[in-house]
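1. give me the fold of what follows.
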Amino acid sequence: MKKTLLTSLFISAAVLSSAHADSLPAPVIGIVEQATLDKSAAFQDIIKQVDQKRTEVQKEMAAYENELKDKDKELAENPKKLSEKDLAAQRQVFEKRVQEVQEKLEIRRAQMELGVEEAKKTVYQAFLKAAEDVMKEVGANVMIYKETVITANSGFDLTPKVLDKLNKDLPNVKVSFKSEADVKKQLTQQLPQAQK
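-> Here you go, the predicted model:
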């Protein structure tokens, strides 16, 4: 009895899976390069904005570096002019300032990373939509990355169409650099999670 029940379950499963397989459409495949994202106008716009931000940050950090070098030089020349207590107090203020500048650098780095991450997500979502739209337009029902294909007829390559559609739909993306306060808050929240 048990054997009969088990056999009928297997037969039912086989019939069901065969019926389900029969209902699937024949694959019509399109391929697209992963590099389409990097080639897109929006992604190039992101790079331009980040380069501008990086230049601003480098100028800001150069100013801090000059400030710290001048203060360090001043402290090196002051041992004879100041009491030991005053020198120690100034050295402590200097060390605190160095720490503040290092923290600012970390915040600027995080501002750029977070801004780029969000902007790239926007481009990726637009890429997926463009790929889906092109896929429907040409009558394909499967879209795969070209990099996963060993060889294929060039007629399957929809990269130029997807790139064109992506550039029309999303010619640029505004990279939002979060405020220092928001970045500090986010970094503080991530720190306990990273220690778990």
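
2. helix or strand next in line after the longest helix along the chain, which one?
-> Ranked by residue count under DSSP state H, the longest helix found in the chain is helix 84-138. Once the chain leaves helix 84-138, the next helix or strand it forms, by DSSP states H and E, is strand 142-145.

3. chain center to that next one, what's the gap?
-> Centroid displacement of strand 142-145 relative to its chain, using Cα atoms, centre = their mean, to the nearest Å, is 22 Å.

4. contacting residues around it?
-> Residues outside strand 142-145 that contact it (Cβ atoms under 8 Å, 6 or more residues apart in numbering): 27-34, 131-132, 134-135, 158. (C-beta placed from N, C-alpha, C; glycine too.)

5. for the longest helix of the chain, packing partners?
-> Here helix 84-138 touches strand 29-32, helix 36-39, helix 41-77, strand 142-145, helix 159-169, helix 180-195, going by 3 or more Cβ pairs under 8 Å, 6 or more residues apart in numbering; DSSP states H and E.

6. ranking the ones you listed by mean pLDDT, which is last?
-> Ranked by mean pLDDT, the helices and strands packed on helix 84-138 bottom out at helix 180-195, which scores a mean of 75.

7. wait, what's in contact with Q190?
-> Here Q190 is in contact with no residue (Cβ under 8 Å, 6+ apart).

8. from the contacts of strand 142-145, pick the one nearest E95.
-> Closest approach between the contacts of strand 142-145 and E95, by Cβ to Cβ: Q34, at 47.1 Å.

9. and the closest one, its phi and psi?
-> Q34 adopts backbone torsions of phi -60, psi -30, taken as degrees, to the nearest 10.

10. K146 is in contact with that one, correct?
-> Yes: assessed by Cβ atoms under 8 Å, Q34 is found in contact with K146 at 7.4 Å.

11. neighbour count winner among the two?
-> K146 (17 against 12; other Cβ atoms under 10 Å).

12. wait, the more buried one touches V32, no?
-> Yes: using Cβ under 8 Å, K146 makes contact with V32 at a distance of 6.2 Å.

13. common neighbours of those two, please.
-> D157, T159.

14. from Q111, how far off is the residue nearest the centre of the chain?
-> Taking Cα atoms, centre = their mean, the centroid of the chain lies closest to E117, which sits 3.1 Å from it. From E117 across to Q111, the span is 11 Å (Cβ to Cβ, to the nearest Å).

15. what does E33 give?
-> Between E33 and Q111 the computed distance is 31 Å (Cβ to Cβ).

16. neighbours of V162, just the number please.
-> V162: 26 surrounding residues under other Cβ under 10 Å.

17. from K136, how far off is it?
-> In terms of Cβ to Cβ, V162 sits 12 Å off from K136.

18. give me the contact list for stretch 42-50.
-> 37, 112, 115-116, 119-120, 122-123, 126, 166-167, 170-175.

19. what are the buried residues along it?
-> Neighbour-count burial for stretch 42-50 flags A42, F43, D45, I46, Q49, V50 (criterion: 16 or more other Cβ atoms under 10 Å).

20. can you check stretch 148-164 too?
-> F156, D157, L158, T159, K161, V162, L163.

21. okay then, goodbye and thanks.
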